[in-house]
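Participant: below: sequence and its predicted model.
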Amino acid sequence: MTVSTPNGFTLDTTGTRVVVDPVTRIEGHMRCEVNVNDQNVITNAVSTGTMWRGLEVILKGRDPRDAWAFTERICGVCTGTHALTSVRAVEDALGITIPENANSIRNIMQLNLQIHDHIVHFYHLHALDWVNPINALRADPKATSELQQAVGPNHPMSSPGYFRDVQNRLKAFVDSGQLGIFKNGYWDNPAYLLPPEADLMATTHYLEALDLQKEIVKIHTIFGGKNPHPNWLVGGVPCPINVHSTGAVGAINMERLNHVSSIIDKCIEFTRNVYLPDVVAIGGFYRNWLYGGGLSGQSVLAYGDIPENANDFSAGQLHLPRGAIVNGNLHEVQDVDVRDPEQVQEFVDHSWYQYGEAGKGLHPWDGVTEPKYELGAATRGSRTNIEQIDEAAKYSWIKAPRWKGNAMEVGPLARYVVGYASGHEDIKAQVEGLLRTMDLPVSALFSTLGRTAARALEAEYCTRLQKHFFDKLIANINAGDESTLGHWVKIKDGRIENYQCVVPTTWNGSPRDSAGNIGAFEAALMNTKVERPEEPVEILRTLHSFDPCLACSTHVMSPDGHELATVKVR
Amino acid sequence: MSQIETFYEVMRRQGITRRSFMKYCSLTASALGLGPAFVPRIAHAMETKPRTPVIWVNGLECTCCSESFIRGAHPLAKDVVLSMISLDYSHVLMAAAGHAAEAAMAEAMETHRGNYILAVEGNPPLNEDGMFCIVGGRPFVEKLKEAAAGAKAVIAWGACASYGCVQAAKPNPTQATPIHKVITDKPIIKIPGCPPIAEVMTGVITYMLTFGRLPELDRQGRPAMFYGQRIHDKCYRRPHFDAGQFVEAWDDENARKGYCLYKMGCKGPTTYNACSTIGWNEGVSFPIQSGHGCIGCSEDGFWDQGTFYNRLTNIKQFGVEANADQVGLTAAGVVGGAVAVHAAISALKRAQKKTQDKVEG
């Protein structure tokens, strides 16, 4: 049976159904089903969010000053993102402004999270879709060293002896027979294309990145006391600054600032010398695998973030761009107003929730989160043992948010498409530089690899912004301003009436809506050729390229790092 | 199995000398509260033990426990995963997915029946027949019970598995349930916190590998070695508490001097954890050191004790009671119609009293 969706995809459910559940190397729980035709090409895709925790329900009636701590726990990977969005939403609702230092520190923390998240995503969640660590055992360490020096000449850890040591360690691990996290990988699948030397280099960087990521987050520890889940404060930031006088040891002082500065430098070095070169090198071997574009070439959305100045969220003041593109018209970047009830609406026709009436969309301010778990008539299996899901009925714990009725892709690639189309200078320079280096046309951006590359570019951009805000903080302190808090609100009766979050994976992982538009994950999987349907590494590649965050997605917020939260305080 | 790397080999290969290795063993011994006599025993264990299989499952959670785990510095996460344990199932890190992932778990459960450690991150929801958390098309709670059946011991990572955490906060719409309510026939080690400290997580694992037994647990099932004392007991700002020197507003002069955060709602006096001693992220800081009070994230039901910014009202300590009732009058401003009044309501007092009584038993 063939169906055409309003957003331009032709779904055919006649081929073999392939189920991937659990989808691993993501945050949270997710299931994916596809139909594959006799050419091994995906002709139908169904993505299901398989968890719901009910935070919106739990937040009702709470003290708004506490909301950040609850929403932060929506996700331990995105961690501070939800908290930052929450304190901003509460400040917005209560009319609170924050000082410049608080804006700089919050930006440093948010950028730090973004850098950390992108590095961990690439090396620890995504890399094994492209990199074969078992094949690395066949590498020549000397040739690996030469490869390293060719692609990342400024990275000091590049000697043949170094790569031999890592290889020996890997060999001892594999020879032990206890394969641990590498067990049952699809290691002899022809979809893996890297030569052994590139596999060894990338596997080595997997380990280096694992060591480095624990250093990166120390910026959160310094300003927020811990990571994951640093502390935040409505009205500013909780860490006082005292660099000149008695008691400085109990505050943000020169030693703390030096520590922050050294980490900022490490972030810059690693993204420039290792992360970006790896993406270029690995991407080079896969340059013809340009599947997975999905919605990225037609409908993308970015809320924008990282305000240059405190309390100014106007589009021109944001370092990460805001805007929407629909119908693939890159010549028109539309303005986004998340407060406009006509722009952002959520549908639940195919989600395990219910509104009063079918086919209706609700703006998050009027959002309703009332669970209703039921399976369609064509489900195979039972209510508690789903063998094959029925996508004609409700089939996901994720709602379907739409922007002016359109299913949208969000995330780094969406931001970079919006930034590129709107002439954002830094983004344009990065994108053009990368395409030149790889000798690829702009259209190559709209792919799984383009999504992965955009994330790497964004990480590199964020390292520079992190430095920018650190310098700004120092300059402001030098000018005599050490304040980090605007207002501390004492609330007696103020309670949260309604809290709805629309997170990035809600957009990307959304099921079909009432009109039948498929979501971004589903769209990106369409028409992909898989080598072996029973070893769906290509499905993982494309799903992972979005950095899915399922615990987040069952709430409505924004593109990873940039979410929409609405809070009503009564 | 002779090819399996031991801790010692890992450390030597990384350029650590025998002398430093022995120093590490002696530090481990003192960190665990053991005397010098245990040093050779730790060293021997680290030189000879093979890797213990660990199956790590995820229920309703936010993955902060896995994230914290990979922040481990001593030992490093890569050394834990490559050389100390065999992480045979991990939703977050494993290469395989779908059927291949499920097969890896089934094989590990079968091969190592009775010998593997089950590590649980998150908890099972019981409403909707458990289908608020679906893994492989089935309710997580069923998978959890199956995995627990063959486990030697169960680790409850974090506040979710131990107590329920945020999804179990009122009104707990999914009926998220701590794991000891559904696994009743196995020893469970609770490592609470949102998340727990990385070195506490790896410290508990290495303790079990090193000594071949469970750590001593308190009445709530927490390892006494890391959860035996309150944050307040070892807080470096404690002298300010005893001297009656308090932060009265988040950005006042006292905040800039690093005075005690008790009046700003710090829950250090009722929270049992190692934050003020081990510290976070290699001891770089911990919440109080960075200027925000402790929110009590390793305590049962910490989400439902009233706002994080209300002063604990039942702490009787030198230098406090004299001005405790004036605390709420140091309001900073009236904003958005909110009234500047101290909001220590009696329900909160009762709730907190109950918790503390329970903890101190």
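Facilitator: Noted; the coordinates are in hand. Numbers count the residues shown, from 1 in each chain, chains lettered A, B, ... in the order given.
Participant: helix, strand or coil for the closest residue to chain A within chain B?
Facilitator: Closest to chain A within chain B is B:Gly258: 1.6 Å, counting by Cβ to the nearest Cβ. The C-beta positions use only the backbone N, C-alpha and C, and glycine is treated the same way. Under DSSP: H, G, I helix; E, B strand; the rest coil, the three-state class of B:Gly258 is coil.
Participant: please apply the same query to A:Val87.
Facilitator: From three-state DSSP, the assignment for A:Val87 is helix.
Participant: so it sits against A:Asn231, correct?
Facilitator: No. Taking contacts as Cβ atoms under 8 Å, A:Val87 lies outside contact range of A:Asn231: 10.6 Å.
Participant: what residue ranges in chain A score low on pLDDT?
Facilitator: A:487-493, A:553-570 (pLDDT under 70).
Participant: farthest residue from the center of it?
Facilitator: Going by Cα atoms, centre = their mean, the residue of chain A most distant from its centre is A:Thr246, 42.2 Å out.
Participant: so how many other residues sit close to the residue nearest to it when sequence neighbours are not counted?
Facilitator: Distances taken as Cβ to Cβ, 6 or more residues apart in numbering or on different chains put B:Lys257 closest to A:Thr246, at 6.6 Å, once the chain neighbours are dropped. B:Lys257 has 19 neighbours, counted by other Cβ atoms under 10 Å in any protein chain shown.
Participant: which pLDDT value belongs to B:Lys257?
Facilitator: Note for B:Lys257: predicted pLDDT of 95.
Participant: follow-up on the earlier one: got phi/psi on the residue of chain B closest to chain A?
Facilitator: phi 80, psi 40 (degrees, to the nearest 10).
Participant: I figured it hits A:Ser245, correct?
Facilitator: No. Using Cβ under 8 Å, B:Gly258 makes no contact with A:Ser245, being 11.8 Å away.
Participant: and those two? Which one has more around it.
Facilitator: Taking B:Gly258 and A:Ser245 together and counting by other Cβ under 10 Å, B:Gly258 has the greater number of neighbours (24 against 12).
Participant: buried stuff in stretch A:132-149?
Facilitator: Going by neighbour count (16 or more other Cβ atoms under 10 Å in any protein chain shown), the buried part of stretch A:132-149 is A:132-137, A:139-141, A:143-145, A:147-148.
Participant: ditto for stretch A:411-428
Facilitator: A:411-422, A:424, A:427.
Participant: quick one: end-to-end distance for it.
Facilitator: 17 Å (Cα to Cα, to the nearest Å).
Participant: kindly report the same for stretch A:418-425.
Facilitator: Per Cα to Cα, the first residue of stretch A:418-425 is 12 Å away from its last.
Participant: and for stretch A:49-62?
Facilitator: Start and end residues of stretch A:49-62 are separated by 27 Å (Cα to Cα).
Participant: what does stretch A:214-223 give?
Facilitator: 15 Å.
Participant: can you give me the strands for the stretch 351-500 of chain A?
Facilitator: A:361-362, A:380-382, A:385-388, A:400-403, A:496-502 (DSSP state E, counting those that start in this stretch).
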